[in-house]
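*Asks:* Sequence below, structure please.
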Amino acid sequence: MDKVKGKRGSTELKHEITAYKRRRILEEASYLFFAHGYTSCVMSPFVQAFNAPVNGERQKRISACLGDASRPASELLDALIRGLGMPRSLKEVGVREDQLQLVSEYTLEDIWGRTNPRPITSASDVMAILQTAIG
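*Replies:* Below you'll find the model as predicted:
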């Protein structure tokens, strides 16, 4: 019985992490500018930080999986991704500042942008994330 519960918990956490990685910001940047795998590397920590005010308690589960439940998930993800030598800014993958507005507008048109844990109601909400990620 414990084995099943443990497995279920791991599966739920995997789905939670996957949901973060699939936020529409990641998808739109992927479609417009660079390979999808890079979108997760670049954007996930920034999206985590943006969402922390509304789901920080839930993010502690991700932090625990990354080795330190007392640190923000965004910081731990950043360290992990940097340690893998993956890109950590939009500029590193060729995105220009003049393209951010388009990404922010497309994000609003997709279900994932509208279902983000922290409400995204305008392009300026998305721009706040993108501007931290531009590097």
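
*Asks:* Now do the helix or strand hosting Leu80: which elements does it pack against?
*Replies:* Using DSSP states H and E, Leu80 maps to helix 73-83. Contacts defined by 3 or more CB pairs under 8 Å, 6 or more residues apart in numbering; DSSP states H and E place helix 73-83 against helix 36-65. Where C-beta positions appear, they are placed from N, C-alpha and C, glycine not excepted.

*Asks:* what's the spacing between the residue nearest the centre of the chain and Ser122?
*Replies:* The centroid of the chain falls nearest to Ser44 when counting by CA atoms, centre = their mean (2.5 Å). Going from Ser44 to Ser122 by CB to CB, to the nearest Å gives 22 Å.

*Asks:* for Arg96, same thing?
*Replies:* From Arg96 to Ser122 the distance is 22 Å (CB to CB).

*Asks:* Please apply the same query to Glu105.
*Replies:* Distance from Glu105 to Ser122, by CB to CB: 10 Å.

*Asks:* Where does pLDDT dip in this protein?
*Replies:* Residue ranges of the chain with pLDDT under 70: 1-36.

*Asks:* Recalculate using a threshold of 90.
*Replies:* 1-41, 92-96, 99, 101-116, 120-123 (pLDDT under 90).

*Asks:* Any idea how many residues pack against the nearest residue to Lys60 once chain neighbours are set aside?
*Replies:* Computed as CB to CB, 6 or more residues apart in numbering, the closest residue to Lys60 that is not its neighbour in sequence is Ala69, at 5.0 Å. Ala69 has 14 neighbours, counted by other CB atoms under 10 Å.

*Asks:* Go ahead and confirm Ala69 touches Ser63.
*Replies:* Yes. If you go by CB atoms under 8 Å, Ala69 and Ser63 touch, sitting 4.8 Å apart.

*Asks:* And for Arg71, the neighbour number?
*Replies:* Neighbour tally, Arg71, other CB under 10 Å: 14.

*Asks:* With Gly56 instead?
*Replies:* The tally of other residues near Gly56 (other CB under 10 Å) stands at 15.
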